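>>> Show me the folded form of this:
(one chain, ligands or ions: 3)
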Amino acid sequence: MSTAEKRAVPEHVAIIMDGNGRWASARGLPRTFGHRKGVEAVRETVRAAAEAGIRYLTLFAFSSENWRRPEAEINDLFGLLKTFIRRDLAELHRENVRIRIIGDRTSLREDIRSLLLEAEETTRGNSSLTVVIAFNYGSRDEIARAAASLAADVAAGRLKASDINAQMIDERLDTADIPDPDLIIRTSGEERLSNFLLWQAAYAELMFVPDLWPDFNREVFFAALERFSARDRRFGGLSAKAVALGS
Ligand code: IPE
Ligand code: IPE
Ligand code: MG
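Ligands and ions are numbered 1, 2, ... in the order given. Presented below is the predicted three-dimensional model:
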């Protein structure tokens, strides 16, 4: 059996792509250069994920709190998303990649909204890797929107408040038809979730790597997958080893 066959491959990997600014500063460059180089790391990561047999790859591209940054940087990040979709959509489509967007779209400009919709519509029927782009995404905002939608159903008499359960909340999140992440990787050495997939991360394995996002590549990714395969996931139960020992 080859190493690839033995390894437990996560179905869903989510990545907090952090450290673009620091990568640029370390070279005496403006932050925007880090974001540009970060897009190249995105391309390499998407290819590597498909190669590894991962089914879902979620990438945190812009958080609902990133509006706190200077306007020029925000414009830059929006510009890069637009260029990425315009330049890479055709190739991703050819490679049978499906694109999904999560986050609040209502406050986005119309040109961005239609581009995001186009990416989703074009690739809707694709069946290899699903790339989920978290854009203007914040977990608390997502959960609040799900709660508001349930409350509206209760108010309209379609739902009883006492019938609300975890599954119903799950079904109203942006990630409704996407499995929970098995592995969440954050680059740049920061060890926090920064409002990313808080609900969905309930049993995710967390991995913090020191590499800044522009330096992230196939090798770092595969090393993280290797470490993941050695993790003992118990979901509140007992490990297979403990069961075998009868302890
Ligand atoms: C990640 O890099 C990209 C986004 C958050 C959009 P940062 O821009 O946060 O880079 P650092 O953390 O300042 O180095
Ligand atoms: C998280 O990174 C958001 C994205 C990667 C898009 P931040 O750089 O915004 O997070 P904090 O502010 O350091 O927690
Ligand atoms: Mg950061």
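
>>> rest of the way, CA atoms for contacts and neighbours
Noted.

>>> Which residues of this protein lie near ligand 1?
Proximity of the chain to ligand 1, by CA under 6 Å from any ligand atom, involves residues 17, 18, 19, 20, 21, 22, 61, 62.

>>> Packing partners of the longest helix anywhere in the chain?
Taking DSSP state H as the criterion, the chain has its longest helix at helix 71-94. Secondary-structure packing of helix 71-94 (3 or more CA pairs under 8 Å, 6 or more residues apart in numbering; DSSP states H and E): helix 31-52, helix 110-123.

>>> which one of those has the most crowded surroundings?
Among the helices and strands packed on helix 71-94, the stretch with the highest mean neighbour count (mean count of other CA atoms under 10 Å) is helix 31-52, at a mean of 18.

>>> Now do that one: distance to the chain's middle.
13 Å (CA atoms, centre = their mean, to the nearest Å).

>>> tell me which strands and helices that helix is in contact with?
Helix 31-52 packs on helix 20-25, helix 71-94, helix 218-229, going by 3+ CA pairs under 8 Å, 6+ apart.

>>> got the ones you listed as JSON lines, with mean neighbour count and mean pLDDT columns?
What follows is the helices and strands packed on helix 31-52, written out as JSON lines (neighbours: other CA atoms under 10 Å; pLDDT from 0 to 100):
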{"stretch": "helix 20-25", "mean neighbour count": "20", "mean pLDDT": "98"}
{"stretch": "helix 71-94", "mean neighbour count": "15", "mean pLDDT": "98"}
{"stretch": "helix 218-229", "mean neighbour count": "16", "mean pLDDT": "98"}
